[in-house]
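K.L.:
Sequence and predicted model, in that order:
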Amino acid sequence: MYRVLIVDDEPWVAKGLKVLIDWESLGYTVIGDVHDGIDAMEAIREMNPEVVISDIRMPGLNGIELIESIRLHGLETKVILISGYAEFEYAQKALQLGAFDYLLKQVDRNTLTETLLRLKIELEDMHKGERKPDLHLEDLFELLEPDNNIKISNFMINKGMEFEFPHYRFISCLYSHSAAWDTVNEQAAQDGIQWIRFRTGQNKMSFLVNYDEQKNPVGLLDFISVSLAGAQYMGISGIGLYSTPIGRLYQESDIALSSSSFLQEQRIIEYKSADHVAALTKLVLKIELAIKGYKRDIIRQGLDELCEECETRSMLIDQISTVYNQIVLFVYKYYGNSDLVQGLEYLTYSQIVRSCESVQQLFERIGVIFERQPGEEMLLSKETVKKIIDYIDSSYTEDISLSMLSRQFNVSLGYLSALIKKETGTTYTDYVVAKRLNLAKELLSNISLSIQEIVERVGYKDYFHFNKLFKKHFGITPSKHRKI
């Protein structure tokens, strides 16, 4: 029997639906009824019904918000909405977000029966190809850390899973909305492909795929082109074996995905290890000498050439990060005791993706600091400086980069970066991270909020990036902190 929860703010309507049809003859059982969206979400989390039938307009959470909340919690509950004629466009939006169907008031017995029969077929199909359930977010944090040496074999044994093929890849996908990953073909194993799904961020899903690279390479290509066709961007790891650390494969797929979404030149990128720094030694040395001699024109020319090389070579974002940090090192080497370096910071590949819009803008961070003389005073009024800091304090949970702030306040990127460092004693990135993490720490005391909700509420889209920052800042993971 598939369990059904009925949600309507008018109790008599909910009771009417309960007696409208013979639920058990169709393979369903009604497990309860609730009368507002917030209570509905609590009941869904507690009872995990396969089906929810809900009015589209309710107090607390409306139908749209209820669907979004269900997706946010990683649940696969199917939702049927009930709406009036005037709410047609509203209902259409709900369908786009993943609602199974919508029914018009007053609900007709035959229409409801036909809808439930169609839904039953879909539920049965899902269960035929059912995989092990997605792992909880807390379980994934340490498992997929790149420094974690847990092998794929150990992971599979611990979870009681068996895969029959010799090769593994991680494929990380970014979707335009969470409902899009519901299109993944549950029958892929029949084509020589087995997989486990992990929700690794907001609108981000990662798949540990098992297949045979020698005997069935086309099977992987079909899985990517058909089953993952709904992904906006995709990153594919290198090939792993049973003994490969699972965290390493995940990081490779994440680097490839970050490269795809950042560079936006290719929708799908496969991770390939390469040492571009060695090939760029001559150019990097030229830039170092120019920085040492404070030769602005040569610095600018060298950075432009370096930017062009990164793009021409199709360097992945981690490789670009390595080159960028090499140049930052030179700036600190020769000007570490001057005001020149205020606001200049080393960046990981994930920080680059979040704070920059292009490779050119990344290297511009270095170029702009040489546009002002060492010791040059800040010229903005105290009122303007306060306005900038107040704006950051009120908006730090939003996705606001330093470049966006520089445009909004009509201040150069380097000038603004140095100003924030002077006023706060730290870089813009570190300042925002500290405020977000302190807020997250407060929210963890609210047990009604999942860690997934907290991550997104404080402004992060990638759960693992948040977990890494939290552990670095407080010395403990969020899930362990909550248990203290």
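P.N.:
It's in.
K.L.:
Phi, psi for the residue nearest the centre of the chain please.
P.N.:
Taking CA atoms, centre = their mean as the criterion, residue 201 is the residue nearest the geometric centre of the chain, at 3.0 Å. Dihedral pair for residue 201: phi 180, psi 180, per degrees, to the nearest 10.
K.L.:
measure it to residue 459 for me?
P.N.:
13 Å (CB to CB, to the nearest Å). (Glycine included, C-beta is placed from N, CA and C.)
K.L.:
With residue 389 instead?
P.N.:
For residue 389, the distance to residue 459 - CB to CB - is 17 Å.
K.L.:
Compare neighbour counts for these two and give me the winner.
P.N.:
residue 459 (20 against 15; other CB atoms under 10 Å).
K.L.:
for the more buried one, helix, strand, or coil?
P.N.:
What DSSP: H, G, I helix; E, B strand; the rest coil gives for residue 459 is coil.
K.L.:
Tell me the backbone dihedrals of residue 200, please.
P.N.:
phi -110, psi 10.
K.L.:
residues contacting it?
P.N.:
140, 144, 172, 206, 250, 254, 462, 463, 464 (CB atoms under 8 Å, 6 or more residues apart in numbering).
K.L.:
what's the pLDDT at it?
P.N.:
Reported pLDDT at residue 200 in the predicted model: 82.
K.L.:
Let me see the contact set for residue 120.
P.N.:
Applying CB under 8 Å, 6+ apart, the residues near residue 120 are 2, 26, 27, 28.
K.L.:
Wait, a strand at it?
P.N.:
No. Read with three-state DSSP, residue 120 is helix and lies in no strand.
K.L.:
roughly how far apart are it and residue 8?
P.N.:
22 Å.
K.L.:
Next: residue 228.
P.N.:
Distance from residue 228 to residue 8, by CB to CB: 37 Å.
K.L.:
How about the contacts made by residue 287?
P.N.:
298, 299, 302, 303, 306, 327, 330.
K.L.:
Would you format those as JSON lines with secondary structure, pLDDT and neighbour count included?
P.N.:
Formatted as JSON lines, the contacts of residue 287 follow (DSSP: H, G, I helix; E, B strand; the rest coil; pLDDT from 0 to 100; neighbours: other CB atoms under 10 Å):
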{"residue": "298", "secondary structure": "helix", "pLDDT": "94", "neighbour count": "15"}
{"residue": "299", "secondary structure": "helix", "pLDDT": "93", "neighbour count": "25"}
{"residue": "302", "secondary structure": "helix", "pLDDT": "94", "neighbour count": "24"}
{"residue": "303", "secondary structure": "helix", "pLDDT": "94", "neighbour count": "24"}
{"residue": "306", "secondary structure": "helix", "pLDDT": "94", "neighbour count": "23"}
{"residue": "327", "secondary structure": "helix", "pLDDT": "95", "neighbour count": "21"}
{"residue": "330", "secondary structure": "helix", "pLDDT": "94", "neighbour count": "19"}
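K.L.:
Now do the domain split for the chain, please.
P.N.:
Listed domain ranges for the chain are 2-128, 137-270, 276-425, 431-483 (source: automatic domain parsing).
K.L.:
Please name the residues that touch the closest residue to residue 100 other than its chain neighbours.
P.N.:
Distance criterion CB to CB, 6 or more residues apart in numbering; nearest residue to residue 100, sequence neighbours excluded, is residue 78 at 4.6 Å. Shown in contact with residue 78 (CB under 8 Å, 6+ apart): 50, 51, 52, 100, 119, 122, 123.
K.L.:
Sweet, I'm off.
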